[in-house]
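**Student:** fold the following.
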Amino acid sequence: MASSLTCAGVVWAFLSFLCAAASCVGFFMPYWLLGSQLEKSVSFGTFRRCSYPVRDESRQMTVMVEQCGRYASFQAIPSAEWRICTVVTGLGCGLLLLVALTALMGCCVSELISRTVGRVAGGIQFLGGKCSCGEGTGL
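**Tutor:** Residues are numbered from 1 along each chain as shown. Below is the predicted model:
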């Protein structure tokens, strides 16, 4: 198995893949924010939520729906900031995964990643990391 990466490059490739996988799992799970509301445990992420309040018009009160689910539509996400966070985090996860998979292929294919490509990939990875790690602040 020929490789175009140095030992540091191989370590970078595997760490990149682990970080990208963790970011993607975090993006798809509804457990970004945990708390309680109406004496029930609640959690939600960018496009999923568990145990959320709804208004029951027949009883004229707010009740908790104790199930997990996605928002019915993109517009149903509670705020414009949260919708922007969903898009930016999704793009960040996509960039991280693209670079990580390219780096892993570099472990197996000779002359796939040059020094310049490695630097560009690192820059893309930095941008993707900034996109996927900047969520949840004050929204």
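**Student:** contacts and neighbour counts: CA atoms only from here.
**Tutor:** OK.
**Student:** which SS state does Ser110 fall under?
**Tutor:** At Ser110 the chain is in coil, as set by DSSP: H, G, I helix; E, B strand; the rest coil.
**Student:** and it, how many neighbours?
**Tutor:** A count of neighbours around Ser110, defined by other CA atoms under 10 Å, yields 14.
**Student:** same question for Phe28.
**Tutor:** Close neighbours of Phe28, defined as other CA under 10 Å, add up to 14.
**Student:** in this protein, which residue is closest to the centre?
**Tutor:** What sits nearest the mean C-alpha location of the chain, by CA atoms, centre = their mean, is Phe27, with 3.1 Å.
**Student:** pull the contacting residues for that residue.
**Tutor:** Contacts for Phe27 (CA atoms under 8 Å, 6 or more residues apart in numbering) come out as Gly45, Thr46, Thr89, Gly90, Cys93.
**Student:** name the helix or strand for it, please.
**Tutor:** Assigned by DSSP states H and E, Phe27 belongs to helix 7-28.
**Student:** ditto for Ser51
**Tutor:** Short version, using DSSP H and E: Ser51 is in strand 48-56.
**Student:** tell me what that strand is packed against?
**Tutor:** In this structure, strand 48-56 packs against strand 40-44, strand 61-70, with contacts taken as 3 or more CA pairs under 8 Å, 6 or more residues apart in numbering; DSSP states H and E.
**Student:** tally up the residues packed near Gln67, please.
**Tutor:** Gln67 - counted by other CA under 10 Å - has 10 other residues nearby.
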